[in-house]
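Participant: based on what follows, work out the 3D shape:
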Amino acid sequence: MDSADADGLSLGPHPRSVQIIWFSSLIVGQAGLALLSLTFLFAKCLAPRLSALYDLVFLALLDTIVYLILFYSGEYRSVNPSYSQCLVQAALKYGNDSAFILSSFLLVYETLKSAIHGPLNPPHSQSSRGCYLILRTLPYFSYLIISACAFITGLVSPVKVIRLKYAFFCIISDNTFSAIMNLNMIILASATIICQAALLIVLLKRRKASRKLGIKSVLDTSQILRISIFNLWELLGLLLNTGTMVKVVGTTRTAISFLSIDKVPLSVFLIFASQKDILKCWYHSFCTMAALPRDKSCPEHYQSEPTTLVGSDKDYLSSTDENRTEAA
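Facilitator: Reported below is the predicted structural model:
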């Protein structure tokens, strides 16, 4: 019998492989997200992104830290880790899950607004600025509220703070709290799906109009692909992490859960760090640190990929006029 099974955990027929996949995915994702966050913070060669993307990357980075608490403390093989560590991890996990889902919804929502109205400029009026600040702080407010509720629940009933035998994190085993969390996430996931569908409709209409006018489309297909892939991973991880599919997957629950939950932070890094301007910025930094001759095509400031799926109406009309002039 494998030693992991002897520890009382239920990690399937290959527990060591499960451990390696789980921790390596989280650690690589953590390193990548840290690099991406520092790039967003200090790089001068990048155009500003949507504010919701910054929040999403930061929350994904926090997610890796929370899920690795038992690994950092060395109690990841213990069936009964210390109560304090387990309580802190469970509370932070629920708060981060709620904030992450809300942030992903705001990303799709901001992208949809950008696709309809063009690039989103910083708000100038006091009312719009207040609305902007509310939207920016909503994920963190949700984080604090949910984490506090989970922490209080664990303090009142310590017996409800348990470590899952088929995973490497702790939860609050309370039916009422779990039902509220599941309802909250289902509502946010449904809103995300609606915004995603509306976004696809807008994009299809823009492409159809471009073909009808005989002009080049100004849509950013790569950005559409990134958001679609991210939403797929996020919704799959949501279903598994909330236990919605427990009765469906049965004995394969462990394998399917590990397929998604631990790879969400890594997928966030791979999806949103693969943009051309970010890769060029890293290449330029590497050449500078290694004292290698830079490619002449890599100036100090790069032309960034569009941060919106389509250009503004002004850019769209300008592109239309230019294409008509060339055709004439």
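Participant: gap between the two ends of stretch 159-169?
Facilitator: Taking CA to CA, to the nearest Å, the first and last residues of stretch 159-169 lie 16 Å apart.
Participant: average pLDDT for it?
Facilitator: Here stretch 159-169 scores 82 as its mean pLDDT.
Participant: go on, stretch 45-54?
Facilitator: On average, the pLDDT along stretch 45-54 is 82.
Participant: in it, what's buried?
Facilitator: For stretch 45-54, the neighbour count (16 or more other CB atoms under 10 Å) marks 45-46, 49-54 as buried. (Glycine included, C-beta is placed from N, CA and C.)
Participant: ditto for stretch 73-80
Facilitator: Residues of stretch 73-80 classed as buried by neighbour count (16+ other CB under 10 Å): 75-78.
Participant: got the buried residues for stretch 226-233?
Facilitator: The neighbour-count check on stretch 226-233 (16+ other CB under 10 Å) flags 226-227, 230-231, 233 as buried.
Participant: closest to Ala197 out of the buried residues of stretch 73-80?
Facilitator: Taking CB to CB as the measure, Ala197 sits nearest to Tyr76 out of those, at 39.8 Å.
Participant: wait, that closest one sits on Tyr67?
Facilitator: No - the pair formed by Tyr76 and Tyr67 falls short of the contact definition of CB atoms under 8 Å, at 10.3 Å.
Participant: quick check: chain neighbours aside, which residue is closest to Ser147?
Facilitator: Leaving out its chain neighbours, the residue that sits closest to Ser147 by CB to CB, 6 or more residues apart in numbering is Gly95, at 3.1 Å.
Participant: ok, now Tyr109?
Facilitator: Leaving aside its sequence neighbours, Tyr109 sits nearest to Cys195 (CB to CB, 6+ apart; 5.3 Å).
Participant: which SSE is immediately downstream of the helix or strand hosting Asp55?
Facilitator: Take DSSP states H and E as the rule and Asp55 turns out to sit in helix 51-67. Next along the chain after helix 51-67, taking DSSP H and E as the criterion, comes helix 69-73.
Participant: in that following helix, which residues are buried?
Facilitator: Applying a neighbour-count criterion of 16+ other CB under 10 Å, one finds 69-71 buried in helix 69-73.
Participant: what comes into contact with it?
Facilitator: The set of residues that contact helix 69-73 without belonging to it, under CB atoms under 8 Å, 6 or more residues apart in numbering, is 23, 26, 76, 78, 81-82, 85, 88-89, 92, 163, 168-170.
Participant: what's the average pLDDT for that helix?
Facilitator: With pLDDT averaged residue by residue, helix 69-73 scores 88.
Participant: packing partners for whichever helix in the chain runs longest?
Facilitator: The helix spanning the most residues in the chain, taking DSSP state H as the definition, is helix 175-213. Helices and strands in packing contact with helix 175-213 are listed as helix 83-117, helix 126-156, helix 221-241; criterion 3 or more CB pairs under 8 Å, 6 or more residues apart in numbering; DSSP states H and E.
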